[in-house]
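Trainee: model the following, please.
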Amino acid sequence: MKGRVRTERAGFPWVLTLATAIVVAICAGLGVWQLQRAQWKRDQLARIAAMRTAPPAPLAPVLARAARGENVDLIRVVAQCLPGPPQRLFRMSVDNGQWIARPLAACAVAAPPYDGIVVDRGLYEPSRGEVSLPTTALPSPGRVVGVLRPPVRGVGGAGLAHPAPWILAVERESPAPPDVTPAPGEAGASDNLQYVGEYAPTWFGLAGVAACVYAAMLWRRYRPRGLDPHR
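Mentor: Numbering: from 1, shown residues only. Next up, the predicted model:
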């Protein structure tokens, strides 16, 4: 009949609805995760700022707190290492685009349940640009001030029987080993946090876009068709 409004409706798009719900849930979940990461970032930056001005704490009590489950990452400590033989332990790293060796050493201390900690002494300047590990023996560390950092994969206990599961990144040693420049990497720690938690608006925006596209498709599917001149 002429002038009759067309009222046919297509079936409900269950597959489209399910797919949209999954996309929105994933994007919203990633947005929430990014917000949580942003709070973690603020906490870490506050720890780094406090670390830069905090006096070093004796290593043994800090390791005792760590053994009880306390987070000791980025805490500045001081250790008086027990005398030991010269050490030839290095690992390769990159500094300003050049290969360079980082000397490691065992710092033996009485800190039950640990018998010491591996120290990262910095950059061994004579090895800059070389691709092979040095064979130079460096004196055993004496008094060390540095920052506790998470362990580096592939670094063992440097001969310690029960090493603490952290690396002591050296800020200064007394006496200083020859040709070694301390590089504890404080600036790098904050640089690595630069973009943490900053993508939450992007994920929430993608969730909103998916929801809007779904709503537009539903509106297009179910909107009144108007007058059909052929009926």
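Trainee: hey, let's count contacts and neighbours off CA atoms from now on
Mentor: Fine.
Trainee: where does this protein dip in pLDDT?
Mentor: 1-10, 44, 47-48, 51-52, 152-157, 185-197, 224-231 (pLDDT under 70).
Trainee: determine the longest strand present in it.
Mentor: strand 98-111 (DSSP state E).
Trainee: next, the buried residues of it.
Mentor: Under the neighbour-count criterion of 16 or more other C-alpha atoms under 10 Å, strand 98-111 has Trp99, Ile100, Ala101, Arg102, Pro103, Leu104, Ala105, Ala106, Cys107, Ala108, Val109, Ala111 buried.
Trainee: let me know the closest of these to Pro139.
Mentor: Set against Pro139, the nearest of these by C-alpha to C-alpha is Ala105 (9.1 Å).
Trainee: which residues does Phe204 contact?
Mentor: Phe204 makes contact with Cys27, Ala28, Gly31, according to C-alpha atoms under 8 Å, 6 or more residues apart in numbering.
Trainee: ranges for the strands of this protein?
Mentor: Under DSSP E, the chain gives strands at 57-58, 76-80, 89-95, 98-111, 114-120, 123-124, 143-149, 163-174, 180-181.
Trainee: closest to Trp219 out of the ones you listed?
Mentor: strand 143-149 (55.5 Å).
Trainee: which strands and helices sit next to the longest strand of the chain?
Mentor: When contacts are defined as 3 or more C-alpha pairs under 8 Å, 6 or more residues apart in numbering; DSSP states H and E, strand 98-111 sits against helix 59-67, strand 89-95, strand 114-120, strand 123-124.
Trainee: now those as CSV including mean neighbour count and distance to Ala79?
Mentor: As requested, the helices and strands packed on strand 98-111 are arranged in CSV below (neighbours: other C-alpha atoms under 10 Å; distance: least, C-alpha to C-alpha, whole Å):
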stretch, mean neighbour count, distance to Ala79
helix 59-67, 18, 5
strand 89-95, 16, 20
strand 114-120, 24, 10
strand 123-124, 22, 20
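Trainee: make a markdown table out of the ones you listed and add distance to Thr135.
Mentor: Formatted as a markdown table, those follow (distance: least, C-alpha to C-alpha, whole Å):
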| stretch | distance to Thr135 |
| --- | --- |
| helix 59-67 | 29 |
| strand 89-95 | 8 |
| strand 114-120 | 17 |
| strand 123-124 | 12 |
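Trainee: measure Tyr222 to Glu125 for me?
Mentor: Distance, Tyr222 to Glu125, using C-alpha to C-alpha, to the nearest Å: 72 Å.
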